[in-house]
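S.K.: No sequence on hand, only this structure:
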């Protein structure tokens, strides 16, 4: 089982980097926090917006920034305005397909889409347990995710930083979303947070 998890992490990281993203593999949440700190310090980022989740809450990221907002802090209008001003958006993901480096993003309520698409830099903190080998398994797991009262308002699929090729036939990053995307793959996470 441990070998399979290591293979999934390596495959996901390679696929993510092929599309222009930055992948970081860490042992635990303490190392994930240090990695977030290193990324934002290296880019000179002082402001952040983040989803509300037990996983991100356990990272205690607020002290790393001049200001740090979550949806509870400002409601929908305040969150959108904060996202437009923030240097980084921080999320987690419901699932990840290792073969393509694709993350499934459940949007709604404490997980607004604006946290992912408005800031110029995006960091996703993802437990390795949420990785599956490929799209077939991804869609099989999506069925379970969509059943019951905890179903998200909408789902998005994200593979690396935002790219478009429809402007004078040139491939550009960061036009319709973050130009820089980091995924932090966490090898060991308390099951209560996954």
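M.R.: Arrived safely, thanks for sending. The model shown is predicted, which means the values in this text are computed figures rather than measured ones. Numbering: from 1, shown residues only.
S.K.: Which residues are in contact with the residue nearest the centre of the chain?
M.R.: When Cα atoms, centre = their mean is applied to the chain, the residue found nearest the centroid is residue 124 (2.2 Å). Going by Cβ atoms under 8 Å, 6 or more residues apart in numbering, residue 124 touches 90-93, 103, 158, 181-184. Just so you know, the C-beta spots here come from the backbone N, C-alpha and C atoms, and that holds for glycine as well.
S.K.: among those, which are in strands?
M.R.: 90-91, 103, 158, 181-184 (DSSP state E).
S.K.: Out of those residues, which is nearest to residue 16?
M.R.: Nearest to residue 16, judged by Cβ to Cβ, of these is residue 183 at 5.5 Å.
S.K.: Next, count neighbours for that closest one.
M.R.: 24 (other Cβ atoms under 10 Å).
S.K.: Tell me the spatial nearest neighbour of it, not counting adjacent residues.
M.R.: residue 124 (4.8 Å; Cβ to Cβ, 6 or more residues apart in numbering).
S.K.: So in terms of bridging, what pairs with that neighbour?
M.R.: For residue 124, the beta-bridge partners are residue 91, residue 183 (DSSP bridges).
S.K.: From residue 81, how far out is it?
M.R.: For residue 124, the distance to residue 81 (Cβ to Cβ, to the nearest Å) stands at 22 Å.
S.K.: between the contacts of residue 124, which is closest to residue 13?
M.R.: Nearest to residue 13 among the contacts of residue 124, with distances taken as Cβ to Cβ, is residue 183, at 7.6 Å.
S.K.: can you tell me how far that closest one sits from residue 52?
M.R.: 19 Å.
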